[in-house]
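> Predicted structure and sequence below. I'll ask about it afterward.
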Amino acid sequence: MLRATAGLAFTAGCATSGAVAHPAPSKSAGPSAKPPAPGPRRFPGRPAQLTHGPRARPRVALTFHGYGDPATATALLRAAEERGAHLTVLAVGTWLDEHPELARRILDGGHDLGNHTLHHLGVNDMSEADALAEIEGCADRLRRLTGSIGSWFRPSRAARASPLVERLARRVGYPHVLSYDVDSLDFTSPGAPAITRKVLGEVRNGSVVSLHFGYADTVAALPAVLEELDRRGLAAVTTTELFS
């Protein structure tokens, strides 16, 4: 599906399985000297798996699977920040190993940062021990780089977590699993106009939109998406802000 930039290929919105390489050592020597990043929050009255926020408020969350060329990631962050928008990035642990500086870059831009497993494999299909290692492995990297395990957990290669993965995520410290109600299908590389039409044709108050780092089409589509959201009076906020 994708021009894989660091040894993983994506399909159905997430990475295809293959030989699991041992994670490269982090380039960060230790915890950030800055204050710890926000950790997970519990939202009373909300389900364990969240697909969308309140429908009565004109806000949406653009969420990105964090993987791929760091230049593409930085371009997306910059495009959002130029328009006053804030994103949610669910980072793959091995991506953080390769590009540890992006963890603070995301947070310093006012965006949410969360956990998208260590290797981006099919976490719902794993044994309990292996699934726990995937969640904890990414959480450990986030903690080392930012001082917290991140704001959110999203399962890899699945829109929703299985009951087992949901339970394991709670054990690690994530009260909620973050899903979505709008899938941009940008991982199919359909072209920027198609991504724009897909998102804007389905987004509404409270929507959580699934997008990906690593695709030039997504970079090209984002300004038009943000412009139209603004025209409709829909603020692009972090997922934490959406549910607060």
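All right, it came through fine.
> if I look at A85, how far off is P35?
Noted for A85: a distance of 23 Å to P35, by Cβ to Cβ, to the nearest Å. (Each C-beta comes from the backbone N, C-alpha and C, glycine too.)
> More neighbours: these two, which one.
Taking neighbours as other Cβ atoms under 10 Å, A85 and P35 compare with A85 leading, 22 against 10.
> Would you mind confirming that that one is in contact with P223?
No. Shown here, A85 and P223 do not form a contact pair, counting by Cβ atoms under 8 Å, at 10.2 Å.
> those helices in the protein, which residues are they?
70-82, 93-98, 101-108, 128-146, 163-172, 192-202, 216-231, 239-243 (DSSP state H).
> Quick check: buried residues in the second one?
Using 16 or more other Cβ atoms under 10 Å as the burial criterion, the residues of helix 93-98 that qualify are 93-98.
> Can you name the residues that contact H65?
Remark: with contacts taken as Cβ atoms under 8 Å, 6 or more residues apart in numbering, H65 is in contact with 13-14, 90, 92, 116, 120, 154, 210-213.
> what about this structure, any weak spots by pLDDT?
For the chain, the stretches with pLDDT under 70 are 1-33.
> give me every residue that touches the residue nearest the centre of it.
For the chain, L90 is the residue whose C-alpha lies nearest the centre (Cα atoms, centre = their mean; 2.4 Å). Residues near L90 by Cβ under 8 Å, 6+ apart: 63-66, 114-116, 152-154, 178.
> what do you get if the cut-off is 6 Å, keeping everything else the same?
When contacts are counted by Cβ atoms under 6 Å, 6 or more residues apart in numbering, L90 touches 65-66, 114, 116, 154.
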